[in-house]
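# With the sequence up front, the predicted model follows.
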Amino acid sequence: MTPVPDGYRAVDLSPARLRDVLAIDTWAFPSSVGEDKLAELPTALPWSRAGGVEAADGELVGMYAAYPYRSFPVPGARIPLAGLTWVGVHPGHRRRGILRTMIDRHFAQAREAGEAVAALFAAEPAIYGRFGYGLAARDLRLSVPRGAALRDVPGADALRVRLEKLDAAKHGPVLHAIHSAVDRPGWATRETDGALEASLADPEFYRDGAESLRIALVEDADGTPRGYAKFRRKDDWKPEGPRGVVRVREAVAQDAATARALWGVLLDLDLMASVEVGLLALDDPLWFLLVDPRAARPAVGDNLWVRVLDVPAALAQRRYAAPVDVVLEVTDALWTPNAGRWRLVAGPDGAEVTRTDADADLALDVRELGTAYLGGFTLAALAGAGLVTELRPGTLHAASTAFGWPVAPVSSYVW
Ligand SMILES: CC(=O)SCCNC(=O)CCNC(=O)[C@H](O)C(C)(C)COP(=O)(O)OP(=O)(O)OC[C@H]1O[C@@H](n2cnc3c(N)ncnc32)[C@H](O)[C@@H]1OP(=O)(O)O
């Protein structure tokens, strides 16, 4: 374990320290919203997995927490996963090793809880690679002009799209049911305590000048909900006319017709000039429905970062797109039990992983294993950047195909 830096001590956190937590949080993430207002909001902070670092005088100067996901989707399976969050160090105590200490404790706690994989959203992409996290999922951000043409999908016209003000009590369970039915690697559902409530909170200071949250709910002829979008409109009156913006916070469709019906309505709201949406999977149906995707000014961002904490358990927990029998030589500077040669015999129905002395086929660091874990980047692409080495000619493409997945990974919300 990395020792706690001199003059500091590691502590567990409980709800009694909410005020200290908000103080460190607002130091780490400057906000115009005061701690008093933040204290009134529902929080999804997983206290059972929250820890921090105190200075000698008892002031909390660093904190972190982990969502204990129990059913996190990865290729072909759902697994326990530690979702790192709320990481912050007081600016007066930074660059003294406090984050390093906290990451060490986080990894130990995750292994103890039986979580072979950890993931996070990074405030800054340059922070977490050194701890063995690899970028595993990207997301698509679009700004779609109002009235953009969409391709037709049979059955879309038969669906009804209801527009309502978001009501947490009424819509929460419906949204949760639709969201958690999605089968996509990385698609974290709000399964941990308070996560759903926090996602529906809509205080004025979240709105940035826009209206309160609205919902577009797609239903079939029987009134069964099949998809939704949470959104706000922001008006903007210009001399040349209204130029409002629709900000879509989350859009989920269970099938193609639902996606077509949903976007057909969102792209045709009066007084709006464009529709902004982010956190879409790179293969989201909207991309293919748009007749002119270039006009939507596509941008790609980093979404989930993944850290393989226990190589044999993590590799055995997911499924593979094709049969594979490969020996991986893995390096891991932070956790030596992961290092060495592992034979993976796997396919669409299961995987076995054993330690071996056999010659390795491919060599890679645990960071690259994290990048390939959700199936969103290929081993071949990583080899192209010199990050995977093919030691036995001819093994790279087969392994690369097996580690891939037909559905692109993404998390639809930042946790
Ligand atoms: C999952 C999440 O919650 S992401 C949110 C992360 N939080 C933030 O960005 C809030 C603002 N920033 C902070 O609170 C702090 O600066 C932190 C948490 C990013 C870093 O905390 P510190 O205690 O200063 O980090 P620590 O001293 O342990 O540094 C560990 C290593 O990370 C590096 N590092 C720290 N911050 C950064 C950064 N922003 N960019 C690049 N490298 C960084 C350090 O240089 C050090 O590298 P080394 O070990 O190779 O020398």
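Received the coordinates, thanks.

# element containing residue 143?
Here residue 143 sits within strand 138-145, counting by DSSP states H and E.

# so what strands line up beside that strand?
Looking at strand 138-145 with DSSP bridges, its paired strands and their directions are strand 272-280 (antiparallel), strand 299-302 (antiparallel).

# and the shortest one with the ligand, contact?
No - applying CB under 6 Å from any ligand atom, one finds that strand 299-302 is not in contact with the ligand, the shortest distance being 11.6 Å. Backbone N, C-alpha and C define where each C-beta goes, glycine included.

# average model confidence for that strand?
Strand 299-302 shows an average pLDDT of 98 in the prediction.

# Please state the offset of that strand from the chain centre?
Shown here is strand 299-302, whose average C-alpha point lies 13 Å from the average C-alpha point of the whole chain (CA atoms, centre = their mean, to the nearest Å).

# Output it in CSV with nothing but the alpha carbons.
What follows is the C-alpha trace of strand 299-302 in CSV, where atoms were taken according to Å, rounded to 0.1, in the frame of the first residue of the first chain:
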residue,chain,number,x,y,z
ALA,A,299,-17.8,15.6,-31.8
VAL,A,300,-16.4,12.7,-29.8
GLY,A,301,-15.5,12.7,-26.1
ASP,A,302,-14.0,10.3,-23.7
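
# Can you list the buried residues in that strand?
Along strand 299-302, not one residue counts as buried under the neighbour rule (16 or more other CB atoms under 10 Å).

# Contacts for the lengthiest helix in the chain, please.
Ordering each helix of the chain by length in residues (DSSP state H) puts helix 98-112 first. In this structure, residues lying in contact with helix 98-112 by CB atoms under 8 Å, 6 or more residues apart in numbering are 1-5, 8, 10, 49, 51-53, 61-64, 66, 82, 84, 87, 89, 118, 127, 131, 307, 309-310, 334-335.

# if you set the cut-off to 6 Å instead, what comes out?
Where contact means CB atoms under 6 Å, 6 or more residues apart in numbering, the residues beyond helix 98-112 that reach it are 1-2, 4, 51, 53, 62, 64, 66, 82, 89, 118, 131, 309.

# and the helix or strand just after that helix, which strands flank it?
Proceeding N to C from helix 98-112, the next assigned helix or strand is strand 117-120, under DSSP H and E. According to DSSP bridges, the neighbouring strands of strand 117-120, each with its direction, are strand 77-89 (parallel), strand 305-308 (antiparallel).

# Tell me which of the ones you listed is the most buried.
Here the criterion is mean neighbour count by mean count of other CB atoms under 10 Å, and of the strands paired with strand 117-120 the winner is strand 305-308, at a mean of 28.

# Which strands or helices does the next helix or strand after that strand pack on?
Next in sequence after strand 305-308, counting helices and strands by DSSP H and E, comes helix 311-317. The helices and strands touching helix 311-317, judged by 3 or more CB pairs under 6 Å, 6 or more residues apart in numbering; DSSP states H and E, are strand 350-355.

# mind listing what's buried in the strand it packs on?
Here strand 350-355 shows 351, 353 as buried, counting by 16+ other CB under 10 Å.

# Let's have the contacts of helix 98-112 in TSV, adding distance to residue 20 and pLDDT.
Putting the contacts of helix 98-112 into TSV (distance: CB to CB, whole Å; pLDDT from 0 to 100) gives the following:
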residue	distance to residue 20	pLDDT
1	24	70
2	23	77
4	18	95
51	13	98
53	12	98
62	11	98
64	14	98
66	18	98
82	23	98
89	14	98
118	25	98
131	25	98
309	28	98
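
# what's the most distant pair in these?
Within the contacts of helix 98-112, 89 and 309 form the most distant pair, 22.2 Å apart (CB to CB).

# State the next helix or strand along the chain beyond the helix or strand containing residue 326.
Assignment of secondary structure by DSSP H and E places residue 326 within strand 324-331. Going down the chain from strand 324-331, the next helix or strand is strand 340-347, by DSSP H and E.

# give the contact list for the residue of the stretch 301-415 of the chain found nearest the ligand.
Residue nearest to the ligand within the stretch 301-415 of the chain (CB to the nearest ligand atom): residue 305, separated by 8.2 Å. Contacts were defined as CB under 6 Å, 6+ apart; by that measure residue 305 touches 120, 122, 128, 133, 135.

# Throw these into CSV and include pLDDT, thanks.
Written out in CSV, the entries for the contacts of residue 305 read as follows (pLDDT from 0 to 100):
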residue, pLDDT
120, 98
122, 98
128, 98
133, 98
135, 98
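
# Pull out the buried residues from the strand holding residue 143.
Of the residues in strand 138-145, those buried (16+ other CB under 10 Å) are 138-140, 142-144.

# same question, stretch 376-387
By neighbour count, with 16+ other CB under 10 Å as the criterion, the buried positions of stretch 376-387 are 376-380, 382-383, 387.

# Just the residues you listed: which are in helices?
If you go by DSSP H, the buried residues of stretch 376-387 have 379-380, 382-383 in helices.

# can you redo these as a markdown table with pLDDT and distance to residue 254?
What follows is these, written out as a markdown table (pLDDT from 0 to 100; distance: CB to CB, whole Å):
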| residue | pLDDT | distance to residue 254 |
| --- | --- | --- |
| 379 | 98 | 32 |
| 380 | 98 | 33 |
| 382 | 98 | 33 |
| 383 | 98 | 37 |
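
# Which strand or helix spans residue 248?
Using DSSP H and E, residue 248 maps to strand 244-253.

# Fine by me, thanks again.
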